[in-house]
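> what's the 3D shape of this:
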Amino acid sequence: MKKLTVIIIALCFFSCETVEKKDIETTDKVDVKRDYKTYCNPIDIDYSYMSHYRAKNKVSYRSGADPALVNFKGKYYMFVTRSHGYWVSDDMSNWTFIRPQSWYFKGSNAPAAAVRDGKIIVYGDPSGRGPVIETDNPELGDWKTNFAVLNPPGGIQDPNLFVDDDGKVYLYEESSNKWPIRVVELDPDNYYVPKGKQKDLFNLEPEKHGWERFGQDHKSDLKPYLEGPWMMKHGDTYYLEYGAPGTQWNVYADGVRTSKSPFGPFEYAPYNPISYKPGGFLKGSGHGSTVKDNNGNYWHYATMAISVNYKFERRIGMYPAGFEDNGQMYVNTAYGDYPHYLPETEVERHKERFTGWMLLSYKKPVKTNSGLVTKDINVVDESDSGYMLGQIREFDIAKINDEEIRSYWVSEANNDSIYVEIDLEKKRNVKAIQINFQDFNSDIYGRPTDLKQQFVIEASSDGKHWEIIADYSKNIKDMPHAYIEFKEAVDARYIRYNHVYCTNNYLSISEFRVFGKGYEAQPEKPSNFKVLRQDDRRNADLTWDKVEGATGYVIYWGISKDKLNLSALMYDKPNYELRALTTDQSYYYQVEAFNENGVSEKSEILYTN
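Have a look, this model is predicted:
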């Protein structure tokens, strides 16, 4: 009788409507290759656990930041701060971590990487003083050192190695709220030692450039940080990217200055910043790198902020990038944490890779059978200093679909009886999901080999009869931001996450996101759009009437009508205070509304001088 009861329970859990196994997204191998057309930020790689505070207070957290991307012999190599190795991919979708034969014991810090003469050269010594290392076999990772320690005054912070068309090599560096970006030429024929003295290039000017102001939404009076230089050359112009104003804020961004010489002088680009993402689920897009793919298109990889367990808890995002016909550089972050088409997916315009798959799960009714954990958090909290946002200390189930990565649900239990169920309220065409796991009171450090998340995703039209649409119950991959693109879209009203296992002590999820399309009308075009430049010309007030049925809005702005390349997304309420403008620059603006069924027409374009 007991055996029969177990069978009946199993049949209730895995419905008779289960689709055939060949149609289900599944994996039980580490090296299984995803055949996806899309990706969703943050990129889902096996981020390393940091161990800076293990000896002091055992604060454990994942992080990935300061990505340096190079295209070497048709493969992409991604070097990330203190990751104890690096990643390789041939499609920017499937990333494999490489544990090199030789590497930095403490992990590389804000590493620099470049390609020269059939080798990858790297500088990333955490001490700020060390040699350039190199290899012609990065997948093995037999990195060689020449023992020539680079030791400029003040050391080397946030380095960038740039190899020019003529083979000359330059080192750009700095991470400071005091010192400027600097450059020095290196001698590749003499162990990459400096040729001449370092040259100061430029510093921040927050009194002119609104986006360079420190703090959440640029509202702090603390001095901003200038960091993360990355040099690009397009045509005969040098584009020196740089990050500001601070990695822990929603407004962390990359700007660019241009010159006709690698030594400058560098001119501030009037269309700055280039990479800016102050709203949405995962915010920030600074200290990045730009790489050309195998199809000749550019991509910008950037640092995105979480800052819960520690202010330097971060993730990596990738965005389509490039250059306009007039040489203006752009990075498109609009809907930047919704699904986008991958490099190998053919699109009409590289600049516009948004799939149009909308978020279906935002603030929808959600329930779970797990009790709520009541333990306090173990974090490094520096919010009193003004260098970190305050903690969100409520862990209830409503945090799982509020589009805020800093909030999260924590389950009292961590076993295969736990489920989370979202009611989409109406039948929707579901195309993908993303499950973002969080590290609540984690006790993991470095890169253990047994990290994994196991679960089953089910769909239902009536909440009674369920079919399995993704079976990861035997998964052995580490997928902290599990993005699953379904081979065939599924019509459903209810989506359920059935937990099986995760390596952490607690099951904690910051966001359970469902993407696809509804079957009703997209919102109307926003009306009564107005823009008023404030007396402080770094700021402007954008207002419009609330649109019935809109989930949120996206504003666009730029320095010319046909290049509104900057954007900000907001949920629920209309109106926005834009605080990222340059005092002596005129701008154009536009706004659109969106909901689960699509995006509205854009408003008329407005201008302020």
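> Next up, the contacts around the nearest residue to residue 26 once chain neighbours are set aside.
In this structure, residue 26 finds its nearest non-sequential neighbour in residue 471, 4.4 Å apart by CB to CB, 6 or more residues apart in numbering. Where you see a C-beta, it was placed from the backbone N, CA and C, and this is true even at glycine. By CB atoms under 8 Å, 6 or more residues apart in numbering, residue 471 lies in contact with 21, 24-26, 456-457.
> what about residue 471, distance to residue 456?
5 Å (CB to CB, to the nearest Å).
> repeat for residue 440
From residue 440 over to residue 456 (counting by CB to CB), the distance is 22 Å.
> Extract the CA atoms of the strand ranked longest in the chain and return them as PDB.
Ordering each strand of the chain by length in residues (DSSP state E) puts strand 481-502 first. This file holds the C-alpha atoms of strand 481-502, laid out as PDB (Å, rounded to 0.1, in the frame of the first residue of the first chain):
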ATOM      1  CA  HIS A 481      21.400  32.500 -13.900                       C
ATOM      2  CA  ALA A 482      19.800  29.600 -15.700                       C
ATOM      3  CA  TYR A 483      18.400  30.800 -19.000                       C
ATOM      4  CA  ILE A 484      16.300  28.300 -20.900                       C
ATOM      5  CA  GLU A 485      15.100  29.000 -24.400                       C
ATOM      6  CA  PHE A 486      12.300  26.600 -25.300                       C
ATOM      7  CA  LYS A 487      12.700  24.700 -28.600                       C
ATOM      8  CA  GLU A 488       9.000  25.300 -29.100                       C
ATOM      9  CA  ALA A 489       6.900  28.000 -27.500                       C
ATOM     10  CA  VAL A 490       4.300  26.900 -25.000                       C
ATOM     11  CA  ASP A 491       0.900  28.300 -24.400                       C
ATOM     12  CA  ALA A 492       0.300  28.400 -20.700                       C
ATOM     13  CA  ARG A 493      -1.200  30.500 -17.900                       C
ATOM     14  CA  TYR A 494       0.700  28.900 -15.000                       C
ATOM     15  CA  ILE A 495       4.500  28.200 -14.800                       C
ATOM     16  CA  ARG A 496       5.900  26.100 -11.900                       C
ATOM     17  CA  TYR A 497       9.400  25.700 -10.700                       C
ATOM     18  CA  ASN A 498       9.900  22.300  -8.900                       C
ATOM     19  CA  HIS A 499      13.100  22.300  -6.900                       C
ATOM     20  CA  VAL A 500      15.300  19.200  -6.800                       C
ATOM     21  CA  TYR A 501      18.700  20.300  -5.500                       C
ATOM     22  CA  CYS A 502      21.100  23.200  -5.200                       C
END
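> buried ones in it?
Residues of strand 481-502 classed as buried by neighbour count (16 or more other CB atoms under 10 Å): 481-486, 489-490, 492-502.
> And for stretch 555-572?
555-559, 563-569, 571.
> quick one, helices of this protein?
Using DSSP state H, the helices of the chain run over 2-13, 54-57.
> By mean pLDDT, show me the worst of the ones you listed.
When the helices of the chain are compared by mean pLDDT, helix 2-13 comes last with a mean of 42.
> And the average pLDDT for stretch 511-524 is what?
Stretch 511-524 comes out at a mean pLDDT of 98.
> Please apply the same query to stretch 310-321.
So the average pLDDT for stretch 310-321 ends up being 97.
> any chance you could map the strands in the stretch 101-250 of the chain?
112-116, 119-123, 133-135, 144-145, 160-163, 169-173, 175-176, 181-187, 193-202, 226-234, 237-244 (DSSP state E, counting those that start in this stretch).
> partners of the fourth one in the sheet?
So the one you mean is strand 144-145. The strands beside strand 144-145 in its sheet (DSSP bridges) come out as strand 133-135 (antiparallel).
> With the first one instead?
Taking DSSP bridges as the criterion, strand 112-116 sits next to strand 119-123 (antiparallel) in its sheet.
> and residue 210, what does it touch?
When contacts are counted by CB under 8 Å, 6+ apart, residue 210 is found next to 218, 538-539, 579-583.
> which intervals of the chain have sub-threshold pLDDT?
Scanning the chain for pLDDT under 70 picks out 1-23, 51-53.
> repeat that with 50
1-22 (pLDDT under 50).
> Tell me how far the nearest residue to residue 254 once chain neighbours are set aside lies from residue 102.
The spatial neighbour of residue 254 that comes closest, neighbours along the chain excluded (CB to CB, 6+ apart), is residue 275 at 4.0 Å. Using CB to CB, one gets 33 Å for the distance from residue 275 to residue 102.
> Looking at the two now, which is surrounded by more residues?
Taking neighbours as other CB atoms under 10 Å, residue 275 and residue 102 compare with residue 275 leading, 32 against 13.
> Was I right to think that one contacts residue 332?
No - assessed by CB atoms under 8 Å, residue 275 is found out of contact with residue 332, at 9.3 Å.
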